[in-house]
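A.B. asks: Show me how the following folds:
(4 chains)
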Protein chains: 2
Amino acid sequence: MLKEDHLSVTQDCNDCPIRHRAVCARCETDELERLEDIKYYRRFEAGQTVIWSGDRMDFVGSVVSGIATLTQTMEDGRTQMVGLLLPSDFVGRPGRSTAAYDVVATTDVVMCCFRKAPFEDLMERTPHIAQRLLQMTLDELDAAREWMLVLGRKTAREKIASLLSIIARRDATLNMGRLDGPVTFDLPLTREAMADYLGLTLETVSRQVSALKKDGIITLEGKRHVTVPDMTLLLEEAGDDTDGGMLV
Amino acid sequence: MLKEDHLSVTQDCNDCPIRHRAVCARCETDELERLEDIKYYRRFEAGQTVIWSGDRMDFVGSVVSGIATLTQTMEDGRTQMVGLLLPSDFVGRPGRSTAAYDVVATTDVVMCCFRKAPFEDLMERTPHIAQRLLQMTLDELDAAREWMLVLGRKTAREKIASLLSIIARRDATLNMGRLDGPVTFDLPLTREAMADYLGLTLETVSRQVSALKKDGIITLEGKRHVTVPDMTLLLEEAGDDTDGGMLV
DNA sequence: TTCCGGTCTTGATCTGTATCAAAGATGATT
DNA sequence: AATCATCTTTGATACAGATCAAGACCGGAA
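C.D. replies: Numbering: from 1, shown residues only, chains lettered A, B, ... in the order given. Below you'll find the model as predicted:
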């Protein structure tokens, strides 16, 4: 649900009918005019690396459309995805000059960027922005910690169910969909990307997706189009508290 | 390294010779006087649960002394530690009223607390605080993501080495120790707690600690007192980039 | 000193997931 | 329509770590 004082850029941002919300609806007008100078769009193709870990990072921004991932790679090639960037997600870290992770476009991606130094100035002058960014960062921290439980303690089947639940929920949030009937969405990730997110191999992902399908927890049309007849069942498979809290 | 504008409470805070730094050195004096009204100390015994997940959380604070953990538990008892709270770490979440995790005192703990509502007011009025808190939260997010790589992709031996590296580094930071010679510290965690942090069983932790000892990567006096003759070797075992970045 | 509860180690065996291998879809390009 | 590259599924086997089980250690209490 996009809030009035949302820092994120909404999907309409590219046309910019609501560009004045791009940073913060509570900002005064003159700040927003100034914003125009430091805002610009970037387009990335599917597969393209937006930024490499260790690179100088001279912008912050948010995803307007498309999907990108945040990944960490060890020298021997083992890869762990540490974040999934969907439309409205914020990218970059105020106060740090180099990127800590690879950011890779999974699909074609449009990002709305702000030059970093002026953005940081703006943040200093307008406290709402720092406060809003703090809330967003705390949410991401919660998500990361939630994921630590998935990675550390869940079985392969539970991991898959957890990932599907999260994608279903995020998809519903973005598209104003409901979660109380059958839920349908497109998987934005290859089996390999899912594996990298879940700390599994792609073969195991494939097997467990097939198993969930066989057991009627999900239906597949093609490889990527998923229908969940009953989210409650999926959440049970994920091993989450079954009080339905996630459905609210 | 404690910074001048550190939000955290330092170890001396209990005696409060430097209590005016308790929130932010850059705050003006009158804000600090007001602070006295909303600050208090709490003492917890080893094993005591500071707060239960889901509980109403009416304070924020920071650890003055002792060690606490942030854990998540599934209905069937599987437990994952999602954070380790050492002296100077911040506890609590401005803007959210219930705790998301269990906070458990591992040793006796003293926390310096601030009543939540007034603290949030203070944050609104004094932008440095929100900004400092944002930096701290971003650091925690980095730590959580680092840990996702450990949980998702590292072997048991690498996991143990990673945990020991982190504890060694944090210990050195707090005690102004060096990391370029032999490093000695006390393990603040039982084998079971280590297992819960690493997504392993306590038996596997025990075996891998023994293996690292046999291979001369570490030495043990008793069960808990660890010496690392050469941090570089330990970092190699952890599978971290071996450019020594961590030693700086 | 002995007892005792909690912690830790070690051994034997089991199992979930990785690994290795091959073939089946799918969609783009010619 | 045929070719090709990429993604996905499925099978056979191997292995890291879990599980089950038994003691060893260690500090505190009596």
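A.B. asks: who's in contact with A:Leu220?
C.D. replies: With contact set as Cβ atoms under 8 Å, 6 or more residues apart in numbering or on different chains, A:Leu220 has these partners: A:Val209, A:Lys213, A:Val226, A:Thr227. To be clear about C-beta, it is placed using only N, CA and C from the backbone, and glycine gets the same treatment.
A.B. asks: Write a ChimeraX command that selects only the buried members of those residues.
C.D. replies: To isolate the buried ones among these in ChimeraX, judged by 16 or more other Cβ atoms under 10 Å in any protein chain shown, type:
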select /A:209,226
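A.B. asks: Return the subset of the contacts of A:Leu220 lying in helices.
C.D. replies: Judged by DSSP state H, these include A:Val209, A:Lys213 as members of helices.
A.B. asks: so which of the contacts of A:Leu220 also contact DNA strand D?
C.D. replies: Restricting the contacts of A:Leu220 to those within reach of DNA strand D (Cβ under 7 Å from any atom of the strand) leaves A:Val209.
A.B. asks: Farthest-apart pair in the contacts of A:Leu220, please.
C.D. replies: A:Val209 and A:Thr227 (13.1 Å; Cβ to Cβ).
A.B. asks: isn't A:Thr219 right up against A:Asp230?
C.D. replies: No. If you go by Cβ atoms under 8 Å, A:Thr219 and A:Asp230 don't touch, sitting 11.2 Å apart.
A.B. asks: thinking again about what came up before, closest one of the contacts of A:Leu220 to DNA strand D?
C.D. replies: A:Val209 (5.3 Å; Cβ to the nearest atom of the strand).
A.B. asks: State the helix or strand in which the nearest residue to the closest one once chain neighbours are set aside lies.
C.D. replies: Setting aside the residues directly before and after it, A:Val209 is nearest to A:Ile160 in space (Cβ to Cβ, 6 or more residues apart in numbering or on different chains), at 6.1 Å. Using DSSP states H and E, A:Ile160 maps to helix A:156-174.
A.B. asks: So what's the residue count around A:Ser97?
C.D. replies: 11 (other Cβ atoms under 10 Å in any protein chain shown).
A.B. asks: on that earlier part again, if I look at A:Val209 and A:Thr227, which residues touch both of them?
C.D. replies: In contact with both A:Val209 and A:Thr227: A:Ile218, A:Leu220, using Cβ under 8 Å, 6+ apart.
A.B. asks: related to what we said a few turns ago, contact partners of the very next helix or strand once past the helix holding A:Ile160?
C.D. replies: Note on helix A:156-174: by DSSP H and E, the next helix or strand toward the C-terminus is strand A:183-186. Strand A:183-186 has contacts (Cβ under 8 Å, 6+ apart) with A:Ile167, A:Ala168, A:Asp171, A:Ala172, A:Gly177, A:Arg224, A:His225, A:Val226, A:Thr227, A:Val228, A:Met231.
A.B. asks: Recalculate using a threshold of 10 Å.
C.D. replies: A:107, A:164-165, A:167-172, A:174-175, A:177, A:218-219, A:221-222, A:224-231, A:234 (Cβ atoms under 10 Å, 6 or more residues apart in numbering or on different chains).
A.B. asks: Thank you, goodbye.
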